[in-house]
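sequence first, then the predicted structure:
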Amino acid sequence: MMLPRHIWPDTATISDGRLHLGGCDARALAAAYGTPLYVFDEATLRGAMRAYLAAFERQGLPFGVHYAAKALLNTALAQMVAQEGLGLDVVSGAELLVARRAGVPMERVHFHGNAPGDAELERAVAWGVGAVVVDNLDELERLAALTAGRDRPQGVMLRVAPNIAAPTHAHITTGGADSKFGLPPEALDAAATRLRASPGLRFRGLHAHIGSQLFDLEPLRATVAVLVDLAARLRDGHGLAAEELSPGGGLGTPYLAEEAAPDVATYAAALSASLREGCAALALPLPRLTVEPGRSIVARAGVALYTVMGRKLAADGTTRHLHVDGGMADNPRPALYDARYTALLANRPGAPPGPPVTVAGRYCEAGDVLLRDVSLPPAQPGDLLAVATAGAYTLSMASTYNLAPRPAAVLVAEGRARLIQRRETEDDLLARDLPL
Ligand SMILES: Cc1ncc(COP(=O)(O)O)c(C=O)c1O
């Protein structure tokens, strides 16, 4: 049985009738670490990071690739980010803490957010992040006050709402005029005036992010064009030079065998061409192009393993629902966005499929359905379900709904597995809970 390469990790194979990841038998991983378990393939992670760097290197312009921590963050991953030479985008004080713990150079860290707390901004400034990406005028005001007496001005990028609708799910489109994110272009003059009057701040450039899970490059090209136009407006109107432009992240990832996303090389070429054309037309020096991929770096590297706990049979005796030991608390995407996934039975992937089944999670919510009408071999309690492309926006969005402990994560490579995040314990869960 061949696994579709574009949705399973590079090292995923079927041998001896079982799924192997990074040279490790998935069943042995489940036995050793329990389920639900998130397995990350190191080769796929590092390969994705290197592919981004190589693709932009080939474009011959100054660039930065900042991994977007919101897709998944733990210290081991942030260490790989640092080792591979990427930067990191964070949105909270704790994400910044992980970046520092992992040794990510602070000048390669961008601090984002539409409502950061004062303490978080203070930490970002004190630790010397390369840029605070300011989302709105009130945040700019707070940051200006916080940095007023500083010797070394804090680099700032302004996030704009480019008014480009991204063709993706409404919950993950962020660049439209009524999105909660970013300065509307008409507020840019006020932001520029405030920046110029703030000795503690130094303008570095402009940022936008129009949405996630994008398969069409055209809106991303258009975003770069808008950023270039706005950079020219700031130069002409305020004498501000944008040395860096960032169209955010968003490159899509296939979750189903029949889906195909543009490759990173095509993406890099499209964005770079748009930047060069725009800058040439407006006589702007080429700024650094910074991209912020999240999903396209970690999604395919992650496989979620669940144990089948039970079945619900239809009147004719066929299995209608499979119940597994995880669900919406470790992977809220199907409930949030109707996200679809591909799965197989890791302990007998090649067995002939039965009628389509729906895989339901363990949580007390009718919407807790991980996969709808998927083709799987008839499964029984004790079987091991492997869900592909489970690396992004799963563990990072996990909750403790029903007080079920959050899963462990392991990193696999060359037949070795390393625990990178231990399973949450009941003691962890109760540690914050204070009796009367
Ligand atoms: C500002 C910003 N940058 C980057 C990303 C990463 O997007 P993706 O994971 O789709 O690449 C996001 C995701 O929401 C974002 O909000």
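Cool, the structure landed.

domain assignment for the protein?
13-34+301-430, 42-298 (automatic domain parsing).

distance of whichever residue of the stretch 51-200 of the chain sits closest to the ligand from residue 30?
Using CB to the nearest ligand atom, residue 68 is the residue of the stretch 51-200 of the chain that sits closest to the ligand, at 3.5 Å. C-beta coordinates here come from the backbone N, C-alpha and C atoms, glycine included. Distance of residue 68 to residue 30, computed by CB to CB, to the nearest Å: 29 Å.

those two: which has the busier surroundings?
The neighbour comparison of residue 68 against residue 30 (other CB atoms under 10 Å) goes to residue 68, with 28 against 21.

can you pull the pLDDT of the residue nearest to the residue of the stretch 51-200 of the chain closest to the ligand when sequence neighbours are not counted?
With CB to CB, 6 or more residues apart in numbering as the measure, residue 294 is the residue that lies nearest to residue 68, at 3.3 Å, once sequence neighbours are left out. Note for residue 294: predicted pLDDT of 98.

how about low-confidence regions in the stretch 1-150 of the chain?
Low-confidence segments of the stretch 1-150 of the chain (pLDDT under 70): none present.

around the ligand, pick out the residues from it.
Proximity of the stretch 1-150 of the chain to the ligand (CB under 6 Å from any ligand atom) is limited to residues 68, 70-71, 89, 112.

farthest-apart pair in those residues, please.
71 and 112 (13.1 Å; CB to CB).

one step back: the domains of the chain into a markdown table, with extra columns for distance to residue 7?
Shown next, in a markdown table, are the domains of the chain (distance: least, CB to CB, whole Å):
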| stretch | distance to residue 7 |
| --- | --- |
| domain 13-34+301-430 | 5 |
| domain 42-298 | 6 |
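
can you say which of those is nearest to residue 6?
Among the domains of the chain, the nearest to residue 6 by CB to CB is domain 42-298 (5.2 Å).

using the three-state scheme, assign the residue of the chain most remote from its centre.
The centre of the chain is farthest from one residue, residue 316, which by CA atoms, centre = their mean lies 42.4 Å away. Of the three states, residue 316 takes coil according to DSSP: H, G, I helix; E, B strand; the rest coil.

go on, residue 142?
Secondary structure, three-state DSSP: residue 142 is helix.

can you give me the neighbour number for it?
Neighbour number of residue 142 under other CB under 10 Å is 17.

how close does the nearest residue to residue 282 once chain neighbours are set aside sit to residue 342?
For residue 282, ignoring the flanking residues on the chain, the nearest one in space by CB to CB, 6+ apart is residue 232 at 4.2 Å. From residue 232 across to residue 342, the span is 45 Å (CB to CB).

which of those two has more neighbours?
residue 342 (22 against 17).

distance of that one from residue 54?
According to CB to CB, residue 342 stands 27 Å off from residue 54.

and the contacts of stretch 334-344?
The contact list for stretch 334-344, computed with CB atoms under 8 Å, 6 or more residues apart in numbering, reads 4, 7, 19, 169, 171-172, 255-257, 328, 333, 359, 365, 367-372, 374, 376, 385-390.

same question but for stretch 136-154, I mixed them up
Residues from elsewhere that reach stretch 136-154 (CB under 8 Å, 6+ apart): 113-116, 118, 121-122, 125, 128-129, 132, 134, 156, 158, 182-183, 187, 190-191, 194-195, 197-202.

so the residue nearest to residue 282: helix, strand or coil?
The three-state label given to residue 232 by three-state DSSP is helix.

just the pLDDT at it, thanks.
You'll see residue 232 listed with a pLDDT of 97.

cool, the one 4 residues further on as well?
In the predicted model, residue 236 carries a pLDDT score of 97.

what is the burial count for it?
Residue 236 has 10 neighbours, counted by other CB under 10 Å.

is it fair to say it lies in a helix?
Yes - counting by three-state DSSP, residue 236 falls inside a helix.

if I look at it, how far off is residue 230?
For residue 236, the distance to residue 230 - CB to CB - is 11 Å.

excluding chain neighbours, what is closest to residue 64?
Counting by CB to CB, 6+ apart, the residue nearest residue 64 is residue 290, at 4.0 Å.

element containing that neighbour?
In this structure, residue 290 sits in strand 288-291 according to DSSP states H and E.

got a list of contacts for that strand?
Contacts for strand 288-291 (CB under 8 Å, 6+ apart): 52, 56, 59, 61-66, 87, 110, 205, 224, 243-249, 271-272, 275.

restricted to strands, list the residues you listed.
Within the contacts of strand 288-291, residues falling in strands by DSSP state E are 63-66, 87, 110, 205, 244-248.

ranges for the helices of the stretch 51-200 of the chain?
Along the stretch 51-200 of the chain, counting by DSSP state H, counting those that start in this stretch, helices occupy 75-84, 93-101, 118-126, 137-146, 188-196.

now do the SS call for residue 297.
Under three-state DSSP, residue 297 comes out as helix.

what about it, distance to residue 274?
For residue 297, the distance to residue 274 (CB to CB) stands at 22 Å.

repeat that for residue 366.
Relative to residue 274, and taking CB to CB, residue 366 is found at 45 Å.

which one of these two is surrounded by more residues?
Neighbours per residue, other CB under 10 Å: of residue 366 and residue 274, the larger number sits with residue 274, 23 against 8.

my guess is that one contacts residue 224. True?
Yes - Residue 274 is within contact range of residue 224, at 4.0 Å (criterion: CB atoms under 8 Å).

select the longest strand from the protein.
Under DSSP E, the chain gives strand 302-313 as its longest strand.

closest residue of the stretch 301-436 of the chain to the ligand?
Closest point on the stretch 301-436 of the chain to the ligand, by CB to the nearest ligand atom, is residue 392, at 6.2 Å.

return the residues in contact with that residue.
Counting by CB under 8 Å, 6+ apart, residue 392 touches 71-72, 253, 294-295, 298-299, 302.

output these in TSV; the columns should cover distance to residue 417.
Shown next, in TSV, are the contacts of residue 392 (distance: CB to CB, whole Å):
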residue	distance to residue 417
71	22
72	17
253	24
294	24
295	24
298	18
299	20
302	14
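
isn't residue 361 right next to residue 326, touching?
Yes - contact criterion CB under 8 Å: residue 361 and residue 326 qualify, at 6.0 Å.

so for the two, which residues contact both of them?
Residues touching both residue 361 and residue 326 (CB under 8 Å, 6+ apart): residue 370.

now residue 104, nearest residue through space, not along the chain?
Nearest non-adjacent residue to residue 104, counting by CB to CB, 6+ apart: residue 82, 4.5 Å away.
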